[in-house]
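1. coords please:
(3 chains)
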Amino acid sequence: MFNLNLLALEAPGWGGALLSGFASSLQLAVGGYCLGLILGVGGACGKLYGGPILRDLMEVYTTLIRAVPELVLILLLYYAGTDAVNQVLALFNAGPIDINGLVAGIFVIGVVQGAYSTEVLRGAIKAVPPGQIEAARAYGMSPFKVMRRVTLPAMLPHAIPGLANLWLIATKDTALLAVVGFSELTLVTRQAAGATKAYMMFFLAAGVLYLMLTLVSNVIIGIIEKRARRGMPGAV
Amino acid sequence: MKSIVKTLAFALVIGAAGAGIAAAEQVKVGFAAEPYPPFTSPDANGNWVGWEVDFKDAICKEAKLDCVVVPVAWDGIIPALTSKKIDMIIGSLSITAERKQTIDFSDKYFNTLPSVIGPKDQQFGPDAEGLKGKIIGVQMATIHQVYAQKYFAPAGAEVKAYQTQDEANQDLAAGRIDAVQADTIALKAFVDSEAGSCCDVKGQVAPDDEVLGPGAGVGLRQGDTELKDKINAAIKAIRANGVYDEFSKKYFDFDVFGG
Amino acid sequence: MSHEITVPDHILPKGRSLFEPHRLFLMAVFAVIVFCIVWFLRWDWVPKYTGQLAAGIGQSLILLFTTSAVGFLLALVLGLVQVTGPKPLKWLANGFCTIIRGTPLLLQLWLLYYGLGSVFAQFPEIRSSFLWPYLRQAWPYGFLALTISFAAYEGEVMRGAFAGVPKGELEAGRAFGMGRFTLFRRIWLPRAINRALPTLTGETVLQLKATPLVATITVVDVYNVISRVRQDTYLTYEPLLLLALIYLILTGILIVGFRFLENLVPTRGA
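-> Reported below is the predicted structural model:
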């Protein structure tokens, strides 16, 4: 029933196309996740140390993103967001910048991940013993230095389960970009299946690729968690 | 840790700058991201092949434009044009008055009437009476959806809208729907292929110029007159010097330009 | 000497009221933004589509509640099997949960609908079976995919819940001479559900956010209706903003509803 020749790496097999779609998905996931982490650190700091207006704005940001489905957010940010960016630039008489699909996709996934990682990082930073931060301040470290040397390293073990979950969510959210036509793995799979009519086989192959990504990620996360939690009381 | 942060920041800046710097004079051509043989379909190498791909190559060469293909999901292709993600649409986009309110078109470059296909063992005509009580599949955001909603839905047919033409064809082969209406050429390519061996063409639908329009044109932004003039001149040129007929011969044995 | 302790006013923490100055300022800014959106963008298409939007919202909500209910029942089975069951069943359930949680929902949905569709094309005999009217339509596949997805994620939660019920309570039940099924019915299940209930709100909201995906296989939910609006009107912002607003309201109603339900059940507070 399954014609495995269609999965061959060289044309006319579609295996190569699937793998390049997979590489696209990986790029999206990594880029979006990193952008989400940066936004998350900023958001968490804003929520914890910021003034009242900043705190409320961050609250609105996280609530909005967590209440609206990712598919709708992706459509909004991909079409309306890039259009808005260009219109704002037009106000300043700067030319419209050409936002290619990958950058738009990373922006979209990053903004969505940013809201979730704000919450994760905020909880993790609150779990850092306040005495350590006070001691750092007593040494005269600037706030940025405190963040860099004390807060971020200390909160990492508490943040890892949440951040690991977010990474897995990021890898699966990349599939939603198929709906806007960006050539990541799910869309390439549908194209290949449409061209060859071997729907079952190609979707199963894509599933295997995603599953391998998840399993490898789980192994790596386990290693990172073990190293980050060294010296801390283990899970009961 | 320091160097990792530095490298990441550096990479971000470079990435942002790279995204900002567009190649000069590049014209982004929007294709539908789904296979639509024989007009555009991706092959296993990731290249696009088909009649409209040859057409795009011909007019870009004639108008001396540096064209780059950007695949976009079909139901978002017009917003992509208006929000400047792409500069023109080549995707069997029919010229209709409705669409003209939002975008502009070049002159038409081909025209065919839509047809209806269905299972070989069922006989019915491509009209409201023949489709009564049947489920007809169309691609969303096409003139075929508008036509089916206007003529077949009030007569008792159920219109199912799919994201891609390919999915509609597939569901017809699977037996989930009873008929499909789409462009004659694309449907003929389907029933002639092995996957479409279940079905045959029931006939062409009655014409309706308002809904179906005079043919397909290149989609352009309103006000983009410079590009429009270039494209129109290129279309005229390739029709005159035989390049159009040359690449059309590879796919069709009839005149696809239409009346 | 008076034992009354008086604390000067400026040391007591100020209650954070809704109407502090910066909140008022932000609400004013928000009101201005909403006014601009309503005034400057085109909304004349809304009356034409209210019927379809209502039907779409109804379809979304029906899918949400039915898949959550059936998925929860399935999750109970999956969770229980992973805690008690014989080893092969445990591995089966674990593998099932891992596979479903490791692949995107969109892929699962398309695999079920189009993958099975291609199988139907190869075997036309299926059309004469009694299941055919259901296999023809799109919503059974959406229902199945959403239910399986919910069951896999909830199965993990229920596994933790079943494993976390204090062993002492179960042993006390056995000491009373309860049979295995009675023990399950009276002690294990209620205690496990009680532990899992707080997460149910979050999981239902996540399920609501997963429902728009069924629009890609032609199920007419509210996302599908808005897609139709987008194609008929070619507007970029307005339909998507309305869709986001609809989901915000639905999420809000869900959260308030669940909080109400939680308050109905008296729990021992700290």
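
2. Spell out which parts of chain A neighbour chain B.
-> A:11-14, A:16-17, A:20, A:31, A:34, A:75, A:79-80, A:82-83, A:86, A:96-101, A:103, A:179-181, A:183, A:187, A:190-192, A:194-195, A:197, A:199 (Cβ under 8 Å from any Cβ of the partner chain). Any C-beta I mention is one placed from the backbone N, CA and C, and that applies to glycine too.

3. where do the strands sit along chain A?
-> Using DSSP state E, no strands are found in chain A.

4. pull the helix or strand with minimum mean pLDDT from it.
-> helix A:82-91 (a mean of 79; mean pLDDT, DSSP states H and E).

5. thinking again about what came up before, which PyMOL command selects the buried ones in the residues of chain A next to chain B?
-> Buried members of the residues of chain A next to chain B, identified by 16 or more other Cβ atoms under 10 Å in any protein chain shown, are gathered into one PyMOL selection as follows:
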select buried, chain A and resi 13+14+16+17+20+31+34+75+79+80+82+83+86+96+97+98+99+101+103+179+180+181+183+187+190+191+192+194+195+197+199
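
6. Burial check on the spatially closest residue to residue A:232 that is not a sequence neighbour, number of neighbours?
-> Counting by Cβ to Cβ, 6 or more residues apart in numbering or on different chains, residue A:157 is the residue found nearest to residue A:232 once chain neighbours are left out, at 6.0 Å. Residue A:157: 19 surrounding residues under other Cβ atoms under 10 Å in any protein chain shown.

7. I figured residue A:157 hits residue A:227, correct?
-> No: Residue A:157 is not in contact with residue A:227 according to Cβ atoms under 8 Å; the separation is 9.5 Å.

8. Low-confidence stretches in the stretch 101-250 of chain B?
-> Across the stretch 101-250 of chain B, nothing is flagged by pLDDT under 70.

9. let's see it at 90
-> B:101-103, B:106-115, B:119-134, B:140-159, B:161-178, B:183-217, B:221-228, B:230-231, B:234-250 (pLDDT under 90).

10. What parts of it come near chain C?
-> B:101-103, B:140-141, B:145, B:160-163, B:167, B:170-171, B:173-176, B:195, B:198.

11. Now that we have those, which of them are buried?
-> By 16+ other Cβ under 10 Å, these give B:102-103, B:140-141, B:145, B:160-163, B:167, B:170-171, B:173-176, B:195, B:198 as buried.

12. Restricted to strands, list those.
-> B:160, B:161, B:162.

13. My reading is that residue B:154 lies in a helix. Confirm?
-> No: Residue B:154: not assigned to a helix; according to DSSP: H, G, I helix; E, B strand; the rest coil it is coil.

14. who's in contact with it?
-> Neighbouring residues of residue B:154 by Cβ atoms under 8 Å, 6 or more residues apart in numbering or on different chains: residue B:128.

15. What of residue B:143?
-> B:94, B:96, B:114, B:211, B:212, B:213.

16. Can you name the two of the residues you listed that sit furthest apart?
-> The two members of these with the most space between them (Cβ to Cβ) are B:96 and B:114, at 12.9 Å.

17. Give me the common contacts of those two.
-> B:143, B:212.

18. who's more crowded, these two?
-> For residue B:96 versus residue B:114, neighbours defined as other Cβ under 10 Å are more numerous around residue B:114 (25 against 18).

19. Residue A:140 - how many residues pack around it?
-> 7.

20. before we move on, the earlier item: okay, buried residues for the least confident helix or strand of chain A please.
-> A:82, A:83, A:85, A:86.

21. ditto for stretch C:107-122
-> Those would be C:107-118, C:120-121, for stretch C:107-122 by 16+ other Cβ under 10 Å.

22. For the residue nearest to the spatial centre of chain A, give me its contacts.
-> Nearest to the mean C-alpha position of chain A, counting by Cα atoms, centre = their mean, stands residue A:33 at 2.7 Å. Shown in contact with residue A:33 (Cβ under 8 Å, 6+ apart): A:109, A:110, A:113, A:166, A:167, A:170.

23. so which of the contacts of residue B:143 are also by chain A?
-> Near chain A, by the rule Cβ under 8 Å from any Cβ, you find none of the contacts of residue B:143.

24. tell me which of those residues is nearest to chain C?
-> Nearest to chain C among those, counting by Cβ to the nearest Cβ, is residue B:96 at 11.5 Å.

25. Tell me, how many residues neighbour residue B:193?
-> Neighbours of residue B:193 (other Cβ under 10 Å): 12.

26. So the longest helix belonging to chain C, near chain B or not?
-> The longest helix of chain C (DSSP state H) is helix C:46-83. No: in terms of Cβ under 8 Å from any Cβ, no part of helix C:46-83 sits within range of chain B; the closest distance is 12.1 Å.
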